[in-house]
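Peer 1: From the sequence below, what's the structure:
(chains A and B)
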There are 2 protein chains.
Amino acid sequence: MNQDQLLAGLEARNPAALARAISIVENARPGFEALLSAIHPKLGRAHRIGITGPPGAGKSTLTECLVAAFRAEDLTVAVVAVDPTSPFTGGALLGDRIRMESITLDDGVFIRSMATRGSLGGLATTTREVCDLLDAAGFDRILIETVGVGQSELDVAAMADTSVLVLTPESGDGIQTLKSGIMEIADVFVVNKADRSGADRLRQEIEITLGIRKGSAFRNIPAHHGALESGPAASEPDKAEWRQAVLGTVAVECRGVDELIASLAEHWEWLEASGTLRERRRRRIRDRTRDVVNRAVKAWIWSDTEADRLIEARLDEVERGTVSPYEVSHEILDGLKQGTKL
Amino acid sequence: MNQDQLLAGLEARNPAALARAISIVENARPGFEALLSAIHPKLGRAHRIGITGPPGAGKSTLTECLVAAFRAEDLTVAVVAVDPTSPFTGGALLGDRIRMESITLDDGVFIRSMATRGSLGGLATTTREVCDLLDAAGFDRILIETVGVGQSELDVAAMADTSVLVLTPESGDGIQTLKSGIMEIADVFVVNKADRSGADRLRQEIEITLGIRKGSAFRNIPAHHGALESGPAASEPDKAEWRQAVLGTVAVECRGVDELIASLAEHWEWLEASGTLRERRRRRIRDRTRDVVNRAVKAWIWSDTEADRLIEARLDEVERGTVSPYEVSHEILDGLKQGTKL
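Peer 2: Numbering: from 1, shown residues only, chains lettered A, B, ... in the order given. Next comes the predicted model:
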């Protein structure tokens, strides 16, 4: 399959072509940048929705409900499950995946797990690129679900157009246990297992923290991703602010999912109407380009320069302590700056 | 405090100098590489011990026992607690930290939490550099404890001389749930909560998997970190192999800790006698130097070249889809290769 065939297959949403393209991108195989470059003009149609939350909150179950609801509207859906490879959480997650993959008989649905540890550009960059492939393939909705816990939640939220934070009444002592930053990145809050005791209290707590409910002690201004994106902090123009939604669901019965779908649609409309979508996407283009440069530079240094050979040549001295790694790094960087091959 | 004063303070294990030096390194403040370069000749004295395992295994409690036991032998101990900043695990961990910090009245003990998210060189690189500062400050033992879950466990294990994996009978369906790779990196296995039911079965299971116990189905050859280290796979010389130890502890009562201390000492002796210590450290010098180069190159590109300005100039075209981020990256890389300022 050459690149033209691959691109044609992608556009036809051919599962084999998709799997092939994703594998090329995931493994940074020859031609992966040309492929991503070729699909670049087709991007921006899909609504990318991040689904994040602590383990056991019901993210996978909720994702399944969303898939079914979108399909009922005749929308195509791709699910990217991001697992930052915790070495201690093999079992349970695998079960989730298998369960979810039972819905893939429908060809309007595509599901992919991502767990690229130690990849050259990092999991977040690769995940964004896989989402691009799915966007170019014409999926209407892309659900990016984080399976593990950790930094990846914030990274995933930063790559979505809309971020959904799923919490449950059982997830600890309420929102107090959430680290700072996590409240600000969510556009939609879902209190799952809303039929359990404590659910109303959790919703109230979230609303008070967000300043939605009257009598709140303070007003936490939604930062709309600003804190997460690198680059100069864009001062957003004066415009109607998005009011973070707080919803209740019972994912095991897909209860409350219609409201969630409506809220997602509303957020998308707001993104477009307010100009925020364009702003965010420009910011992301900037970040993306930086990531691509970092990866390309790394690949260049370690395969096309003499950097590795120089490290080897200095190894004895570094071991003896007469030269430090920082001095060797200086020497390499000086060579790069002078454009010599070192 | 100039660098000479800082170095003198470090050597005297002055807590203020240590805190200052660590903060300089953590935040990559001006002069941090010069500082690390200056201490480089003094490294290699400390025994660096990684303590890893799933949440709730009792790592912090065990670490406290180890600190007390080392202090009883009049050894100085530094503890580096690495938390890869899960946004969902604020509460419990904080409690652990506060509890542990109650033992810091002893000036032979130093405790530091690391949670540098988004740092230029990554958490693992910075943690290694903080360990270097502690090594140069003359601490006899450095305990590197992972608090969170995720990739960091493997990274931390890769930076220690000796890796301890702490498991409990309750941590799921035994070792089957551990992802591949985690068994191979541990030099010493600790079954904590050894008084609970299932502890003996877990020990047996580990021993069989390791091939220590007779009647084992297969022999899993310990790879001694090899799988984790990048660079060419060194074929280790023919020498006595380390037999991974499997111990039981009850950390809340510090039971079994003497055996653990003995096992750690034994592993250290083996590392030295077999030549493995030197080999591993050479491999780490290589990896470290690569990390330092990557960080320095990143800093160079984004502060001393025209890369960012070029991205800005192309942003409209990238947004319109007429130019892709990959083409912009190419342009930047070509400029770097030609040694022009772009």
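
Peer 1: Any residue of stretch A:71-81 touching chain B?
Peer 2: No - contact of stretch A:71-81 with chain B (C-beta under 8 Å from any C-beta of the partner chain) is absent, the minimum separation being 15.7 Å. All C-beta spots, glycine's among them, are computed from the backbone N, C-alpha and C.

Peer 1: Quick check: end-to-end length of that stretch?
Peer 2: 18 Å (C-alpha to C-alpha, to the nearest Å).

Peer 1: Average pLDDT for that stretch, rounded please.
Peer 2: Per-region confidence: stretch A:71-81 scores 94 on mean pLDDT.

Peer 1: cool, and stretch A:202-211?
Peer 2: Mean pLDDT, stretch A:202-211: 87.

Peer 1: so A:Ile49, which of the three states?
Peer 2: Under DSSP: H, G, I helix; E, B strand; the rest coil, A:Ile49 falls in the strand class.

Peer 1: show me the contacts for it.
Peer 2: Neighbouring residues of A:Ile49 by C-beta atoms under 8 Å, 6 or more residues apart in numbering or on different chains: A:66, A:141-144, A:160-164, A:264.

Peer 1: out of the residues you listed, who's nearest A:Arg278?
Peer 2: Top of the list for closeness to A:Arg278, among those and by C-beta to C-beta, is A:Asp161 at 11.2 Å.

Peer 1: Any stretches of chain A with poor pLDDT?
Peer 2: A:83-105, A:115-121, A:147-153, A:171-181, A:213-239, A:339-342 (pLDDT under 70).

Peer 1: so where do the helices sit in it?
Peer 2: A:3-11, A:15-26, A:32-39, A:59-72, A:90-101, A:123-136, A:151-159, A:182-185, A:199-210, A:257-274, A:276-304, A:307-320, A:325-337 (DSSP state H).

Peer 1: From what I see, A:Leu260 and A:Thr249 are in contact.
Peer 2: Yes - with contact defined as C-beta atoms under 8 Å, A:Leu260 reaches A:Thr249; the gap is 6.4 Å.

Peer 1: shared neighbours of those two, which are they?
Peer 2: Counting by C-beta under 8 Å, 6+ apart, the residues touching both A:Leu260 and A:Thr249 are A:62, A:190.

Peer 1: Redo the contacts of A:Ile49 as a markdown table? Include distance to chain B.
Peer 2: Listed next are these as a markdown table, based on distance: C-beta to the nearest C-beta, whole Å:
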| residue | distance to chain B |
| --- | --- |
| A:Leu66 | 21 |
| A:Arg141 | 21 |
| A:Ile142 | 18 |
| A:Leu143 | 19 |
| A:Ile144 | 16 |
| A:Ala160 | 15 |
| A:Asp161 | 15 |
| A:Thr162 | 18 |
| A:Ser163 | 12 |
| A:Val164 | 14 |
| A:Leu264 | 22 |
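
Peer 1: Not counting sequence-adjacent ones, nearest residue to A:Phe189?
Peer 2: Closest residue to A:Phe189 apart from its sequence neighbours, by C-beta to C-beta, 6 or more residues apart in numbering or on different chains: A:Val246 at 4.5 Å.

Peer 1: wait, what's in contact with that neighbour?
Peer 2: Residues in contact with A:Val246 (C-beta under 8 Å, 6+ apart) are A:189, A:191, A:203, A:206-207, A:210, A:212.

Peer 1: Compare these and tell me which has the most neighbours.
Peer 2: Highest neighbour count within those, by other C-beta atoms under 10 Å in any protein chain shown: A:Val191, with 28 neighbours.

Peer 1: Roughly how far does that one sit from A:Glu205?
Peer 2: In this view, A:Val191 and A:Glu205 are 10 Å apart by C-beta to C-beta, to the nearest Å.

Peer 1: Make sure A:Arg201 is actually in contact with A:Ala194.
Peer 2: No - if you go by C-beta under 8 Å, A:Arg201 and A:Ala194 don't touch, sitting 11.4 Å apart.

Peer 1: neighbour-wise, which of the two wins?
Peer 2: The neighbour comparison of A:Arg201 against A:Ala194 (other C-beta under 10 Å) goes to A:Ala194, with 20 against 12.

Peer 1: so that one makes contact with A:Gly248?
Peer 2: Yes - the pair formed by A:Ala194 and A:Gly248 meets the contact definition of C-beta under 8 Å, at 3.3 Å.

Peer 1: shared neighbours, those two?
Peer 2: Residues within reach of A:Ala194 and of A:Gly248 at once, by C-beta under 8 Å, 6+ apart, are A:203, A:256.

Peer 1: A:Asp291 contacts A:Thr125, correct?
Peer 2: Yes - A:Asp291 lies in contact with A:Thr125 (C-beta under 8 Å); the separation is 4.6 Å.

Peer 1: Make CSV out of the contacts of A:Ile49 and add distance to B:Ala8 and neighbour count.
Peer 2: Shown next, in CSV, are the contacts of A:Ile49 (distance: C-beta to C-beta, whole Å; neighbours: other C-beta atoms under 10 Å in any protein chain shown):
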residue, distance to B:Ala8, neighbour count
A:Leu66, 61, 24
A:Arg141, 61, 23
A:Ile142, 57, 25
A:Leu143, 57, 25
A:Ile144, 51, 27
A:Ala160, 51, 23
A:Asp161, 54, 23
A:Thr162, 55, 22
A:Ser163, 49, 29
A:Val164, 54, 29
A:Leu264, 60, 22
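
Peer 1: What is the nearest of the residues you listed to A:Glu73?
Peer 2: Distances from A:Glu73 to the contacts of A:Ile49, taken by C-beta to C-beta, are shortest for A:Arg141, at 9.5 Å.

Peer 1: quick one, what contacts A:Asp132?
Peer 2: Neighbouring residues of A:Asp132 by C-beta under 8 Å, 6+ apart: A:36, A:39-40, A:43.

Peer 1: Of those residues, which is the nearest to chain B?
Peer 2: When these are ranked by distance to chain B (C-beta to the nearest C-beta), A:His40 comes first, at 3.7 Å.

Peer 1: Tell me, how many residues neighbour that closest one?
Peer 2: Counted by other C-beta under 10 Å, the residues lying close to A:His40 total 20.

Peer 1: likewise the one 5 residues further on?
Peer 2: Taking other C-beta under 10 Å as the criterion, the count of residues near A:Arg45 is 10.

Peer 1: Not counting its neighbours along the chain, what's nearest it?
Peer 2: Counting by C-beta to C-beta, 6+ apart, A:Arg45 lies nearest to A:Asp135, which is 6.2 Å off, once chain neighbours are set aside.

Peer 1: Now stretch A:279-288 - C-alpha only, CSV.
Peer 2: These are the backbone C-alpha positions of stretch A:279-288, laid out as CSV (Å, rounded to 0.1, in the frame of the first residue of the first chain):
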residue,chain,number,x,y,z
GLU,A,279,-8.1,30.5,19.2
ARG,A,280,-7.6,27.1,20.9
ARG,A,281,-6.8,25.4,17.6
ARG,A,282,-4.2,28.1,16.7
ARG,A,283,-2.6,27.7,20.1
ARG,A,284,-2.5,23.9,19.5
ILE,A,285,-1.0,24.3,16.1
ARG,A,286,1.7,26.3,17.8
ASP,A,287,2.3,23.7,20.5
ARG,A,288,2.1,20.8,18.0
